[in-house]
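Participant: Quick one, fold the following:
(one chain, ligands or ions: 1)
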Amino acid sequence: QFHMIKYEDLRWCESLGQGSFTRIFKGSKIDIRDGERHVTDVLLKELDANHKNCWESFFEAASLMSQISHKHLLLVYGISVHRSKNVMVQEFVKFGALDLFLKREGSVSVSWKLDVAKQLASVLNFLEEKNITHGNICAKNLLLAREGDASQGSSPFIKLSDPGINVTMLGRDVVLDRIPWVAPEVLEAPERLELECDKWSFGATLWEIFNGGQAPLQGLDLERKLQFYETYKQLPSSEWTELADLISQCMNYQPAFRPSCRSIIRQLNSLITSGTSRELIAVKKLQ
Ligand SMILES: N#Cc1ccc(Nc2nc(N)cc(-n3ccc(CO)n3)n2)cc1
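Facilitator: Reported below is the predicted structural model:
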């Protein structure tokens, strides 16, 4: 179910960092099509050799992404296996991960943030309709294909990345470190990863988007992160009550009480109307 790419058709360029058990590089792939040489920018995601036992899960995650297509789902060109290297070859998304962009950019408009949130909600709705759980929704896995520029009125465009190695394959500490993105019920039973888990993670990701890409509960050690769930805590709420309400609805400790994607999209639409007028009033006050 995968296009196999020949190792010799790939070129590695600079390293771009690492995820859990993976390293990512900018690269290029070379295709010869109708006698012409085509060079395409790609993102090469290498699975650490010492985690070879996860390679099925690594590729399974990617194959999920390549069996369905959606404008906000990252395109996976295929995989390349060569000696001890397992590599996933993805489309290179121009502006990289959203969390780093938000940290770098600092101030993007409320409508920019809501536009990104709505795009994420729409791809989650698409996955929900196919009864597919992503399992690793967070700002780091949202890639920015278009920056969008408020002054030019062009809007951002995001792509949801592959979920990476399945949470059932990860050690407990890695799962604990994913608090507060990982739904509480997944801690108890990782195999019970269900659609509702993505709603919880959506709430944590919305919090990131409206907090400048800062990681929620950053700096808490694993013990304190676990206590956060054991004492049913909520993330610090925004002054914007409607936004805070949506985040806490998504981050409901009872999975069944979390809103449907349609409800999330409806609530985002009403935030967009109230949010942009709030912003206009704020701007008028400044003038
Ligand atoms: N400076 C800079 C810069 C870095 C990366 C890209 N592009 C890109 N393309 C992808 N397909 C995936 C990713 N990822 C980044 C983190 C993860 C974790 O999942 N993925 N980055 C563009 C600019």
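
Participant: just checking, next helix/strand downstream of the helix or strand of the chain with the lowest mean pLDDT?
Facilitator: Lowest by mean pLDDT, DSSP states H and E among the helices and strands of the chain is helix 55-67, with a mean of 82. Remark: after helix 55-67, the chain's next helix or strand is strand 76-82, criterion DSSP states H and E.

Participant: ok, and does that next one reach over to the ligand?
Facilitator: No: legend: contact between strand 76-82 and the ligand by C-beta under 6 Å from any ligand atom is lacking; minimum distance shown is 8.9 Å. Using the backbone N, CA and C atoms, a C-beta is placed for each residue, glycine as well.

Participant: per-residue confidence averaged over that strand?
Facilitator: Taken as a whole, strand 76-82 has an average pLDDT of 93.

Participant: outside of it, which residues touch it?
Facilitator: The contact list for strand 76-82, computed with C-beta atoms under 8 Å, 6 or more residues apart in numbering, reads 2-7, 10, 29, 40, 42, 59, 62-63, 65-66, 86-91, 162.

Participant: need the contact list for the residue of the stretch 101-250 of the chain found nearest the ligand.
Facilitator: Using C-beta to the nearest ligand atom, the single residue of the stretch 101-250 of the chain nearest to the ligand is residue 161, 4.4 Å away. Applying C-beta under 8 Å, 6+ apart, we find residue 161 in contact with 74, 90, 141, 142, 143.

Participant: Can you tell me which of those residues is closest to residue 224?
Facilitator: Checking these against residue 224 by C-beta to C-beta gives residue 141 as the nearest, at 24.1 Å.

Participant: ok, that closest one - how many residues close by?
Facilitator: Per other C-beta atoms under 10 Å, the neighbour tally for residue 141 reads 24.

Participant: re the thing from before, from the contacts of strand 76-82, list just the buried residues.
Facilitator: 5, 10, 29, 42, 59, 62-63, 65-66, 86-91, 162 (16 or more other C-beta atoms under 10 Å).

Participant: so residue 30 bridges to which residues?
Facilitator: residue 39 (DSSP bridges).

Participant: what pLDDT does the closest residue to the ligand within the chain get?
Facilitator: Closest approach between the chain and the ligand, counting by C-beta to the nearest ligand atom: residue 96, at 3.1 Å. Looking at residue 96, its pLDDT is 96.

Participant: Also residue 182?
Facilitator: On the pLDDT scale, residue 182 is placed at 97.

Participant: Would you confirm that it contacts residue 198?
Facilitator: No: counting by C-beta atoms under 8 Å, residue 182 sits too far from residue 198 to count as a contact (10.8 Å).

Participant: The ligand contacts on the stretch 51-200 of the chain?
Facilitator: Close to the ligand, as judged by C-beta under 6 Å from any ligand atom, the stretch 51-200 of the chain has residues 74, 90-97, 140-141, 143, 161.

Participant: let's see it at 5 Å
Facilitator: Neighbours of the ligand within the stretch 51-200 of the chain, by C-beta under 5 Å from any ligand atom: 90, 92, 93, 96, 97, 161.

Participant: Would you reformat those as JSON lines and include secondary structure?
Facilitator: Below are those laid out as JSON lines (DSSP: H, G, I helix; E, B strand; the rest coil):
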{"residue": "90", "secondary structure": "strand"}
{"residue": "92", "secondary structure": "coil"}
{"residue": "93", "secondary structure": "coil"}
{"residue": "96", "secondary structure": "coil"}
{"residue": "97", "secondary structure": "strand"}
{"residue": "161", "secondary structure": "coil"}
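
Participant: Thank you, goodbye.
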